[in-house]
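Engineer: quick one, structure for this:
(chains A and B)
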Amino acid sequence: MRSRLMTTLALVLALVAVACGGDDDATTTTAAGDGTGTTMAAGDDCAVENLELVTPGTLTVATGEPAFPPWVLDDDPSLGEGFEAGLVYAVAEQMGFTADQVVWIGTDFNEAIAPGPKDFDFNIQQYSISAERDEVVDFSDGYYTVKQAMVAFADSPAASATTVADLQDLRLGAQIGTTSLDYIEDVVQPTAPASVYDTNADAKSALDAQQVDALVFDLPTAFFITAVEMPDTTIVGQFETPGEGAEELGMLFADGSSLVGCVNTALAAVVDDGTLADLEQQYLANGGDIPTITP
Amino acid sequence: MIGSGPPAIDIRGPEPSGSRWRDLTSEQGARGALIAAASTVVVVSAALWWILTSETWPAVQQQFFNPENFAESWPAIVGGFWLDVRMFLVAEVAILVLALLLAVVRALRGPAFFPLRALTVVYIDLMRGIPIILLILLLGFGIPALDLPGVPRSRMFWGLTALVLSYSAYTAEVYRAGIESVHESQRMSARALGLTQWQALRHVLVPQAVRNVVPALLNGFVSLQKDVALVYILGIREAVREAQIYNARTFNYTGYVVAAVLFLLVSVPVARFTDWYSERDRRRKRAG
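Structural biologist: Numbers count the residues shown, from 1 in each chain, chains lettered A, B, ... in the order given. This next block holds a predicted model:
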C-alpha cells in the first residue's frame, strides 16, 4: 500500500517536472520570437502572451455602471468615445492589444474594492489616488490631475460666491467616494455637514429639489453638467489645489497585480506621443475662464 | 429497539413544560449536554478553521475587522446612529397611530362606510406594493422638485413620510388580523349591550386585538429600526451612510461592522423583549 503511494507520488513529481521543463522552453521561444518585432523596451515581460490576465489574450477593463460623460460617452465604453474610454484604447494599443481584444465590464464601486479575486485586469472610473486606498489596492501612475468646482443654479445666491467664507453657510452636497466630498469637508468646512449622495444623478436631484444650495464635482463633470444636463446651472468657481500636492486619477488594480508596471510603461508612451494631451483637449477642455474660489 | 441501550428518553412520554433544564441536570441530560457541547465545539472550530485558513483571510481581516479603523470610524457612525434612533422613534409613533386608524376604518361595517373602506384597501395595496426605496426617492426628490407653495422641501420630512406610509400599510394589516382574531360574539355582545359600532370597536374589539398582536407589532419595530437607514439615499448622513463614506474614502469595510454592531445593540434586546412578552402573555392567558 505504502510503496504504491510512493510510486504514485514519484510519478506525479516526474510529470510536474516534465511539464515545468516544457513550459520553460515554450516561454523562451515565444519571448525570443516576439522580441524581434516589439519596439517597447520592456517588451519581453509586457508582451501580451506573458501578461497575467484575467482572461488570457484579452484585456478586461472595468468601468462604472452607468459610466458618465465626459469620461465615457453614451454609457458605452466600447465605442472608445470619452476621455477614459479613449485612454484605455490608446494604452491597450501600446501594450499590443487590438481594439477587439479589449473587453469591458461594469462594476459597482464596492465590487471593485472588495477583497478577493478581481474579474478585471484594471478598473478605470475616476479613482483618486491616495495613500490610504493604496494599502488595499494598487494604482497606476496618474493620468489626469483633478480640479474641483462648485455648481449652483445661476439665479441662486450661491452663484455669486467668490470666497470660501461665502460658502460656509450654504448647504453643500457631493457624491460619495469622491475628492469633491473631501474638498467640502477639508477646504470649505461648512457649518452644516455636507450631504452625501450615491451618484451624481442623486446629487443633481437634490439640487433640483432645492435640498442643497450647491454641489461640488470635478471640473470636467461640472462642465458637462452645466453645459448639457442642467443648463440653468453655472460653475460658481473652481478650488485651488491644497498644499499637499495635486489630486490625480489612476487606474485601479488588485493589490500586488503584476500588470501595473506594464500599464505604466504604456501610459508613459501615451503621454510622450501626445495622445493623452489630445484626448484631454478633445473631451476635457474647459469652455472659457473659470474663476477660482479664493480661501 | 427500546431496551437495547440505557433507558431512552423517548419512552417517558410527553415532558411537562419547564422540564428541559431539569433534563440537562439529570444523568441522562448531563450526557446530552456533553454531546451538545462537544458537537458545538467541533462545528464552530471547523467553521473557524475553514475561514481562518482561507487565503484571503488576512486581507479580509484587515479590511473588515481592523481595530484601528473601528476606532477611527466610530464617532461619525455613532453620531449617525443617534439620528437613526430619533428618526425611528418619530416614525414609529406616527405609524402606530395611522395604522390603527386605517385598520379601524377598514373594520367598520355597513354600506355607508363602503367608500372609506375601499379607500383604505386601495391605500394599503398601493403603499405595500411599492418598494420602500422607490417611495423614498419619489417623495424625497420628486415632491420638493414640484416647487409647490407651502409644501415642505425637507428630505428628512419626506424620507420619514415615505417610511410612515409604507409601514403603516403593513401595520394596518397586523391590526386587522388582531381585530379579526377577536371572536365575533364579542362584537355581537357589545352591540347587544347597546354600544354603537364605534364604541364596540373602541372599548371591546381594539383593546383585545392590540393585545393579541403586540409580538407582531414589536417585530415591525425591529424591522423599522433598521429600515430608517434607507433615507441615506436622500443624502441624510445616518449610520449606514457614514459607514459608506468611511468605506469609500479608505476602501476599508470596518465601518460597516461598526454600524451592524450598533443596530444589533438595539434590535437584539427588542427581540428578547418580544419573546419575554409573548411568554408572559401566554402564561397569563393560561392562568386566567
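
Engineer: what sits up against the helix or strand containing residue A:205?
Structural biologist: Residue A:205 belongs to helix A:200-208 when assigned by DSSP states H and E. Defining contact as CB atoms under 8 Å, 6 or more residues apart in numbering or on different chains, one finds that helix A:200-208 is touched by A:68, A:151-153, A:173-175, A:195, A:197, A:212, A:214-215, A:217, A:221, A:225, A:229-230, A:233, B:141, B:145, B:155, B:233-235. Yep, even glycine has a C-beta here, placed from its N, CA and C like the rest.

Engineer: return the helix or strand following it as PDB; C-alpha atoms alone will do.
Structural biologist: Where DSSP H and E defines the elements, the next helix or strand beyond helix A:200-208 is strand A:214-218. The C-alpha coordinates for strand A:214-218 follow below in PDB (Å, rounded to 0.1, in the frame of the first residue of the first chain):
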ATOM      1  CA  ALA A 214     -24.600  73.900  -4.400                       C
ATOM      2  CA  LEU A 215     -22.800  70.800  -5.400                       C
ATOM      3  CA  VAL A 216     -19.100  70.000  -5.800                       C
ATOM      4  CA  PHE A 217     -17.900  68.000  -8.800                       C
ATOM      5  CA  ASP A 218     -14.600  67.500 -10.500                       C
END
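
Engineer: report all helices and strands that strand A:214-218 contacts.
Structural biologist: When contacts are defined as 3 or more CB pairs under 8 Å, 6 or more residues apart in numbering or on different chains; DSSP states H and E, strand A:214-218 sits against strand A:148-153, strand A:172-175, helix A:179-183, helix A:200-208.

Engineer: want to throw these into TSV with mean pLDDT?
Structural biologist: Compiled in TSV, the helices and strands packed on strand A:214-218 are given as follows (pLDDT from 0 to 100):
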stretch	mean pLDDT
strand A:148-153	92
strand A:172-175	93
helix A:179-183	85
helix A:200-208	91
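
Engineer: do you know which of the ones you listed lies nearest residue B:76?
Structural biologist: helix A:179-183 (12.7 Å; CB to CB).

Engineer: which parts of the helix holding residue A:205 are buried?
Structural biologist: By 16 or more other CB atoms under 10 Å in any protein chain shown, the buried positions in helix A:200-208 come out as A:200, A:202, A:203, A:204, A:205, A:206, A:207, A:208.

Engineer: about what we covered before: could the helices and strands packed on strand A:214-218 be laid out in JSON lines, adding distance to residue B:213?
Structural biologist: Putting those into JSON lines (distance: least, CB to CB, whole Å) gives the following:
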{"stretch": "strand A:148-153", "distance to residue B:213": "49"}
{"stretch": "strand A:172-175", "distance to residue B:213": "41"}
{"stretch": "helix A:179-183", "distance to residue B:213": "44"}
{"stretch": "helix A:200-208", "distance to residue B:213": "37"}
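
Engineer: where does the chain have low pLDDT?
Structural biologist: You didn't pick a chain, so chain A it is. Scanning chain A for pLDDT under 70 picks out A:1-43, A:242-245, A:286-289.

Engineer: not quite, I wanted chain B
Structural biologist: Low-confidence segments of chain B, defined by pLDDT under 70: B:1-28, B:288.

Engineer: can you list the residues of the stretch 101-250 of chain A near chain B?
Structural biologist: Contact residues, the stretch 101-250 of chain A versus chain B (CB under 8 Å from any CB of the partner chain): A:109-110, A:113-116, A:132-133, A:135-137, A:173, A:176-177, A:181-182, A:193, A:195-198, A:202-203, A:205-206, A:208-212.

Engineer: can you rerun that using 7 Å?
Structural biologist: Residues of the stretch 101-250 of chain A that fall close to chain B, judged by CB under 7 Å from any CB of the partner chain: A:109, A:113, A:115-116, A:132-133, A:136-137, A:173, A:176-177, A:193, A:195-198, A:202, A:205-206, A:208-211.

Engineer: for the stretch 1-150 of chain A, what spans make up the strands?
Structural biologist: A:59-64, A:102-107, A:122-128, A:137-139, A:144-146, A:148-153 (DSSP state E, counting those that start in this stretch).

Engineer: that older thread, from the residues of the stretch 101-250 of chain A next to chain B, list the buried ones, please.
Structural biologist: Counted by 16+ other CB under 10 Å, these give A:109, A:113, A:115, A:133, A:136-137, A:173, A:176-177, A:195-198, A:202, A:205-206, A:208-209, A:211 as buried.

Engineer: can you list the strands of the stretch 1-150 of chain A in CSV and add distance to residue B:267?
Structural biologist: Below are these laid out as CSV (distance: least, CB to CB, whole Å):
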stretch, distance to residue B:267
strand A:59-64, 34
strand A:102-107, 32
strand A:122-128, 35
strand A:137-139, 33
strand A:144-146, 41
strand A:148-153, 39
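
Engineer: the longest helix anywhere in chain B near chain A at all?
Structural biologist: Counting by DSSP state H, the longest helix found in chain B is helix B:67-107. No - Helix B:67-107 lies out of reach of chain A by CB under 7 Å from any CB, never closer than 9.3 Å.

Engineer: after that helix comes which helix or strand?
Structural biologist: Sequence order places helix B:114-129 as the next helix or strand after helix B:67-107, per DSSP H and E.

Engineer: who's in contact with that following helix?
Structural biologist: When contacts are defined by CB atoms under 7 Å, 6 or more residues apart in numbering or on different chains, helix B:114-129 is touched by residues B:102, B:105, B:106, B:108, B:165, B:166, B:169, B:170, B:172, B:173.

Engineer: 6 Å instead, please
Structural biologist: With contacts defined as CB atoms under 6 Å, 6 or more residues apart in numbering or on different chains, helix B:114-129 is touched by B:102, B:105, B:106, B:165, B:166, B:169, B:172.

Engineer: skip ahead from it and say which helix or strand is next.
Structural biologist: By DSSP H and E, the next helix or strand past helix B:114-129 is helix B:132-137.

Engineer: tell me what that following helix is packed against?
Structural biologist: Applying 3 or more CB pairs under 6 Å, 6 or more residues apart in numbering or on different chains; DSSP states H and E, we find helix B:132-137 packed against helix B:155-181.

Engineer: give me the angle between whichever helix or strand comes after the helix it packs on and helix B:67-107.
Structural biologist: Counting by DSSP H and E, the element after helix B:155-181 in chain order, helix or strand, is helix B:184-192. Using axes from the mean of the first three to the mean of the last three CA atoms, to 10 degrees, the direction of helix B:184-192 lies 50 degrees away from that of helix B:67-107.
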